[in-house]
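1. give me a model of this one.
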Amino acid sequence: MINGRYTNANAEANLNRNPIIIGSLITEDGECTTDFHTRLNSGQTIGASLQKIWKSHSILISTKIQLMKVLVWPVATCVCESWTLRKNEETRLNAFEMKGLRKILRVLWTAKKTNEWVLNKAGVKRELIDTVKTRKLAYCGHAMRKQGSCLEKEIMQGTMPGARRRGRPCVA
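-> Next comes the predicted model:
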């Protein structure tokens, strides 16, 4: 404790090493998996706090699904435009969506019901991964339409400001 304030050198070093950019956490090597896992965990927490609603018999299943899309999904997909979606992340997003539907329908994982059965019972299709991809594409289009020189646009296009020297590049 220094001057009445608690300090943690490791926490400060990690904060400086992994700065939060526009609300998302991207590490030095360009990975966003920690942010992805954090967002999904916070979505699970919000879903768990709505247990009374999920267990209520007086609320229609369609209303519960709409509540999940409005209350849980935005927390889980906040700043999803910066995510790099690989197969593992897509699988986790699908599992997150199915876990929410199973909670709403009160289907235990030990019940041995397939995901297709759960989707048919709920009367919905998988939408979460498509929503994330749509938001990523919308953000990309937004960044590409910016006028003038913009760092985001240059990074997405893979261009560098300035010109290359004339002639054949030297190989050292």
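2. can I assume Gly123 is in contact with Lys64?
-> No. At 11.9 Å, Gly123 and Lys64 do not qualify as touching, with contact defined as C-beta atoms under 8 Å. From N, CA and C alone the C-beta is placed, and that goes for glycine too.
3. with neighbour numbers in mind, choose between the two.
-> Ranked by neighbour count (other C-beta atoms under 10 Å), Gly123 and Lys64 place Lys64 first, with 21 against 9.
4. what does the pLDDT read for that one?
-> Predicted confidence (pLDDT) for Lys64: 95.
5. contacts only, for it.
-> Contacts for Lys64 (C-beta atoms under 8 Å, 6 or more residues apart in numbering) come out as 53-54, 104.
6. now, those that are in helices?
-> Mapping the contacts of Lys64 onto helices (DSSP state H) picks out 53-54, 104.
7. export the residues you listed to TSV and tack on distance to Val79, pLDDT and neighbour count?
-> Formatted as TSV, these follow (distance: C-beta to C-beta, whole Å; pLDDT from 0 to 100; neighbours: other C-beta atoms under 10 Å):
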residue	distance to Val79	pLDDT	neighbour count
Ile53	26	92	15
Trp54	26	93	19
Ile104	25	94	24
